[in-house]
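> using only what follows, build the 3D model:
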Amino acid sequence: MNRKDFDLAKAKSGHPLVTRDGRTPSEFHRFETMNSDRKNVAVIDGYGYSINDFGKRYDGEDDPRDLFLAPVEVTMWVNVGKSANGTYFITPTLYETEGEAGNNNYPPIHIATVPVTFTI
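Model (predicted):
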């Protein structure tokens with residue numbers, strides 16, 4: 001799995017999370033005023049688990065409920081062209097929308113605007 005280390009700021013902002021054993025928490029909450037070193041709670045399979053600021057269920061040992069940033073699939077758009085000598089090329093710019101890419105094509109060498117999907 002292409003998971004990344006837990007990042008509290010991203011978790012608080014709603015970035016998708018995944019547990020060490022591949023489950024997806026249905027909720028993540030930070031209780032700023034709670035008097036505890038574990039102000040975070042993740043709901044996993046219907047149960048709430050306290051999590052420290054580093055995504056760990058327990059200090060110093062691994063646990064299946066430790067949290068990581070889940071991979072996110074992103075789709076961007078590129079333009080494909082054909083040069084005068086007949087070779088195909090992809091423009092070096094990635095666009096967030098098909099419309100934005102289409103507005104930045106290079107006629108008459110433009111052939112298509114296509115999606116490119118990757119995981120980050």
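> please identify the buried residues of stretch 12-32?
Leu17, Val18, Thr19, Arg20, Pro25, Phe28 (16 or more other C-beta atoms under 10 Å). No exception for glycine: its C-beta is placed from N, CA and C like everyone else's.
> let me see the ranges of the helices in the chain.
Counting by DSSP state H, residue ranges of the helices within the chain are 8-12, 98-102.
> packing partners of the first one?
Pointing back at helix 8-12 there. Contact here means 3 or more C-beta pairs under 8 Å, 6 or more residues apart in numbering; DSSP states H and E; on that basis helix 8-12 packs against strand 27-30, strand 67-69.
> for it, what is the average pLDDT?
Average pLDDT, helix 8-12: 97.
> residues contacting the residue most central in space within the chain?
In the chain, the C-alpha nearest the mean C-alpha coordinate belongs to Val72, at 2.8 Å (C-alpha atoms, centre = their mean). The contact partners of Val72, by C-beta atoms under 8 Å, 6 or more residues apart in numbering, come to His15, Pro16, Thr119, Ile120.
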